[in-house]
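A.B. asks: Build me a model:
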Amino acid sequence: MNRSHLCEITCIDHVKVNSVKARLLPEQVMMTLADTFKVLGDPTRARIIHALSLEELCVCDIASLLGTTKSAISHQLRILRNMKVVSFRKEGKIAYYSLNDTHIKNLFSEALNHISCN
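C.D. replies: Numbering: from 1, shown residues only. Below is the predicted model of the structure:
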């Protein structure tokens, strides 16, 4: 077998590699970050996030807006709540949902900027 195409050098710049290694975030942080992107990567949840970036809404209004069932929206909101993407406040028997903080709105906005530049 011809292995001439394989790189025999395992590390070119040990100083850079060691510097980056010392600053890498812990594995658990990376797992949580990846989970956040997974949650945001679902089209229905992305639509919910977009709607909530514009206005605080209840489950019924989100379902009406997206043309789906309240049950389906509740399921997606539960996932978003568990990942601390959305929060809610109660007014009587109605729960109004909003984005948990401006970080989510900014992340969503940056992603939209990214795709509109391509």
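A.B. asks: For this protein, which segments count as strands?
C.D. replies: Ranges of strands in the chain, per DSSP state E, are 57-58, 86-91, 94-99.
A.B. asks: Please name whichever of those strands is nearest to residue 35.
C.D. replies: strand 86-91 (15.2 Å; CB to CB). For glycine as for every other residue, the C-beta is placed from the backbone atoms N, C-alpha and C.
A.B. asks: Show me the strands paired with the closest one, marking each as parallel or antiparallel.
C.D. replies: Note on strand 86-91: by DSSP bridges, its sheet partners are strand 94-99 (antiparallel).
A.B. asks: pull the CA atoms of the strand it pairs with into CSV?
C.D. replies: Only the C-alpha atoms of strand 94-99 are listed here, as CSV (Å, rounded to 0.1, in the frame of the first residue of the first chain):
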residue,chain,number,x,y,z
ILE,A,94,-53.4,31.6,30.0
ALA,A,95,-49.6,31.2,29.7
TYR,A,96,-47.9,33.7,27.5
TYR,A,97,-44.5,32.7,26.1
SER,A,98,-41.5,34.8,25.2
LEU,A,99,-37.9,34.3,24.5
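A.B. asks: what's the offset of it from the middle of its chain?
C.D. replies: Centroid separation between strand 94-99 and its chain, computed with CA atoms, centre = their mean, to the nearest Å, is 18 Å.
A.B. asks: just stretch 80-92 next, same as before
C.D. replies: How far stretch 80-92 lies from its chain's middle: 15 Å, per CA atoms, centre = their mean.
A.B. asks: for that stretch, how far is the first residue from the last?
C.D. replies: End-to-end distance for stretch 80-92: 22 Å, by CA to CA, to the nearest Å.
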